[in-house]
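**Q** Here is a sequence with its predicted model. Questions after.
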Amino acid sequence: SSSWSGSTRRMEMFHSKAFRPQMFGDLRNQISVDEMKYIIKTAEVLLENDEHVELLKLLLSSHTQLINGDFSQSFITSWTIVERNIYDLWMQKLLSARISKRIREDLDRWDLYRVLEILHLDKIIPNDEYIELKSLQGLRNDVIHEGHEITHKTATKCFELALEIIKKNMNLKNKINVKQVYI
């Protein structure tokens, strides 16, 4: 027999790499110079704002957890972004209402249930978003208080909602034009 035989696992790995003909180069993503300039300029602007940096860290963490199969943890991390956005909308409403500081501080302590209801009644949050947020809020409570597990589909849904919130709040493009090329 030959010492190059693929009979053992160790030799099988070496054998498949050493003797496989490579027909094509490696597939790579190619981005135009203008798109790259946009990415760099956007990154510089975002990195100047500490709040944006924190939100992007949360989003990256959620994405990593989602990819690693930690669906409940990904859901909770994404929900943090969603809930933060709801409270930002609430603060905007309170600041524009011209109420005393004492009343504003009292209203600022309201729980998410009440805040979400008021924002929906005032049509700041549309019906379809409200229904989705209420559903996700219930799931969040089930995870935190009851220890329920989240499915991949639900974690992905919450991540995508968090991603859309960040894109909207940071005025980010929806998609970068990428072309796949062989080199």
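**A** Alright, I've got the coordinates. Numbers count the residues shown, from 1 in each chain.

**Q** so where's the protein uncertain?
**A** Scanning the chain for pLDDT under 70 picks out the ranges 1-25, 174, 183.

**Q** The longest helix seen in it - contacts with which helices or strands?
**A** Using DSSP state H to define each element, the chain has its longest helix at helix 71-96. Helix 71-96 sits against helix 50-67, helix 101-108, helix 112-121, helix 127-141, helix 152-170, with contacts defined as 3 or more C-beta pairs under 8 Å, 6 or more residues apart in numbering; DSSP states H and E. In short, each C-beta sits where N, CA and C put it, glycine included.

**Q** and it with helix 50-67, angle?
**A** 150 degrees (axes from the mean of the first three to the mean of the last three C-alpha atoms, to 10 degrees).

**Q** which parts of helix 71-96 are buried?
**A** Neighbour counts over helix 71-96 (16 or more other C-beta atoms under 10 Å) mark 71-86, 89-90, 94 as buried.

**Q** Check stretch 166-173 too.
**A** With burial defined by 16+ other C-beta under 10 Å, the residues of stretch 166-173 counted as buried are residue 166.

**Q** got it, and stretch 53-62?
**A** Here stretch 53-62 shows 55-56, 58-59, 62 as buried, counting by 16+ other C-beta under 10 Å.

**Q** ok, now stretch 36-43?
**A** For stretch 36-43, using 16+ other C-beta under 10 Å, no residue counts as buried.

**Q** Run the chain-centre distance for it.
**A** 20 Å (C-alpha atoms, centre = their mean, to the nearest Å).

**Q** In three-state terms, label residue 69 for me.
**A** Under DSSP: H, G, I helix; E, B strand; the rest coil, residue 69 falls in the coil class.

**Q** can you count the residues close to the closest residue to it other than its chain neighbours?
**A** Of all residues not flanking residue 69 in the chain, residue 152 sits nearest, at 7.9 Å (C-beta to C-beta, 6 or more residues apart in numbering). Residues contacting residue 152 under the criterion other C-beta atoms under 10 Å number 11.
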